[in-house]
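Undergrad: any chance you could fold what I've pasted below:
(one chain, ligands or ions: 2)
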Amino acid sequence: MEGKKPTIIAVANQKGGVGKTVTVVNLAAALAELGNKVLCIDIDPQGNLSDYLGYDFDNNSHTVADVMKGTCHLSNCIVFNEAENIYYVPVDITLATADLFLAQTMCREQVLRHAIVTDEEIDKFDYILIDCLPSLGILLTNALAVADGVIIPVQMQKFALNGIVQFEDIFNLVKENINPKLRIFGILETMTERTAMSKEIDKVLNNRYNDLVFGTKISRRIEAANSTAERISLVSKKSSTIGDQYRQLAQEILNKEAAPNGV
Ligand SMILES: Nc1ncnc2c1ncn2[C@@H]1O[C@H](COP(=O)(O)OP(=O)(O)OP(=O)(O)O)[C@@H](O)[C@H]1O
Ligand SMILES: [Mg+2]
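TA: Numbering: from 1, shown residues only. Ligands and ions are numbered 1, 2, ... in the order given. A predicted model of the protein is given here:
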């Protein structure tokens with residue numbers, strides 16, 4: 001009998017600095033704390049996730065860029081962060097030229113999908129979280145082509161929804177042509193504050209996405225900014241408001257998955 005496949009979640013928004021990477025690391029740590037085996041894949045050539053998880057960029061190990069170039073299996077790139085109990089696939093800057101090296105590749109939107117589904121080692125994971133880069137290109141379509149769903153972090157600031165229409169267009173194209181199971185797992189409000197602007201965007205999001213807006217919100221707190229610099233998730237800190245919020249998000253995702261209609 002075929003075993004349970006991992007649930008694959010792409011954390012995506014083409015707007016930069018909205019909390020994608022902080023969400024991937026802390027949600028991964030929270031899911032791991034609940035007993036899940038979690039793999040994060042960094043497909044942002046900036047490498048912020050790899051850096052957050054303590055990757056040594058000088059050690060020349062294989063990265064997701066090699067996987068996308070077809071020279072390495074995904075499972076051969078996995079690094080374990082013991083402190084966080086998270087596995088991850090690092091990236092290197094050469095992935096920035098993916099448009100060029102994938103240009104001649106057949107089914108170039110499905111290279112990551114192929115790497116994941118043909119690698120039996122990857123089936124051992126319960127969750128795979130993909131940290132996307134802030135743009136709408138071939139790397140985003142690769143993430144959407146393999147994901148069961150997306151989490152879209154939205155920063156509660158002016159212009160928060162600029163570009164969301166273009167994102168939805170790409171999402172729909174991938175869903176119609178490559179990956180019919182693709183869905184929005186949820187819109188995640190990040191860096192919320194007690195301001196009129198935060199309330200206004202919350203209202204707009206609820207009108208547009210209704211039930212898809214997560215009940216869990218992530219507050220704006222300096223500890224989040226410090227955690228990326230310190231390379232320690234907030235979930236693994238003893239007492240952290242943001243860590244608790246990401247725990248709550250993990251629980252909300254598990255509850256949705258257990259519900260009759262799934263996430
Ligand atoms: N809840 C929060 N409160 C305060 N600062 C935060 C919060 N979440 C993230 N940050 C900070 O905001 C910045 C952007 O966060 P992050 O890197 O997660 O965003 P991103 O969407 O991944 O960015 P990019 O688009 O560049 O990949 C970082 O410096 C991070 O430490
Ligand atoms: Mg990022």
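
Undergrad: which SS class is the residue in the chain that ligand 2 sits nearest to?
TA: Across the chain, the shortest distance to ligand 2 (C-beta to the ion) belongs to residue 21, at 3.3 Å. The way it works is simple: take the backbone N, C-alpha and C, and place the C-beta from them, glycine included. At residue 21 the chain is in helix, as set by DSSP: H, G, I helix; E, B strand; the rest coil.

Undergrad: ditto for residue 18
TA: Per three-state DSSP, residue 18 ends up coil.

Undergrad: now do the helices in the protein.
TA: 20-33, 48-52, 64-69, 98-101, 111-117, 138-146, 164-177, 196-209, 222-230, 241-258 (DSSP state H).

Undergrad: let's have the ones you listed in TSV, adding mean pLDDT.
TA: Listed next are the helices of the chain as TSV, based on pLDDT from 0 to 100:
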stretch	mean pLDDT
helix 20-33	98
helix 48-52	98
helix 64-69	97
helix 98-101	94
helix 111-117	98
helix 138-146	97
helix 164-177	95
helix 196-209	96
helix 222-230	95
helix 241-258	95
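
Undergrad: returning to what we had before: what sits closest to the residue of the chain closest to ligand 2 if chain neighbours are left out?
TA: Using C-beta to C-beta, 6 or more residues apart in numbering and skipping residues adjacent in sequence, the residue nearest residue 21 is residue 48, 4.6 Å away.

Undergrad: how close does that neighbour get to residue 198?
TA: 24 Å (C-beta to C-beta, to the nearest Å).

Undergrad: rewinding a little: how much space between the residue nearest to residue 21 and ligand 1?
TA: 5 Å (C-beta to the nearest ligand atom, to the nearest Å).

Undergrad: that residue contacts residue 229, correct?
TA: No. Residue 48 lies out of contact with residue 229 (C-beta atoms under 8 Å); the separation is 11.1 Å.

Undergrad: okay, the two: which has more neighbours?
TA: Neighbours per residue (other C-beta atoms under 10 Å) separate residue 48 from residue 229, with residue 48 holding more: 19 against 9.

Undergrad: now do the contacts for that one.
TA: Residues near residue 48 by C-beta atoms under 8 Å, 6 or more residues apart in numbering: 21, 42, 131, 228.

Undergrad: ok, back up a step: which residues does the residue of the chain closest to ligand 2 contact?
TA: By C-beta under 8 Å, 6+ apart, the contact list for residue 21 reads 44, 48, 49, 52, 131, 228.

Undergrad: try it again at 7 Å.
TA: 48, 49, 52, 131 (C-beta atoms under 7 Å, 6 or more residues apart in numbering).

Undergrad: again, but for residue 235
TA: By C-beta under 7 Å, 6+ apart, the contact list for residue 235 reads 26, 29, 30, 33, 243, 246, 247.

Undergrad: turn these into CSV, including neighbour count.
TA: Formatted as CSV, the contacts of residue 235 follow (neighbours: other C-beta atoms under 10 Å):
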residue, neighbour count
26, 28
29, 27
30, 26
33, 18
243, 22
246, 27
247, 21
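
Undergrad: so what's the residue count around the spatially closest residue to residue 22 that is not a sequence neighbour?
TA: Spatially, and ignoring its direct neighbours in sequence, residue 22 is nearest to residue 224 (5.6 Å; C-beta to C-beta, 6+ apart). Counted with other C-beta under 10 Å, residues neighbouring residue 224 total 22.

Undergrad: so residue 224 versus ligand 1, what's the distance?
TA: Residue 224 is 3 Å from ligand 1, where distance means C-beta to the nearest ligand atom.

Undergrad: done for today, thanks.
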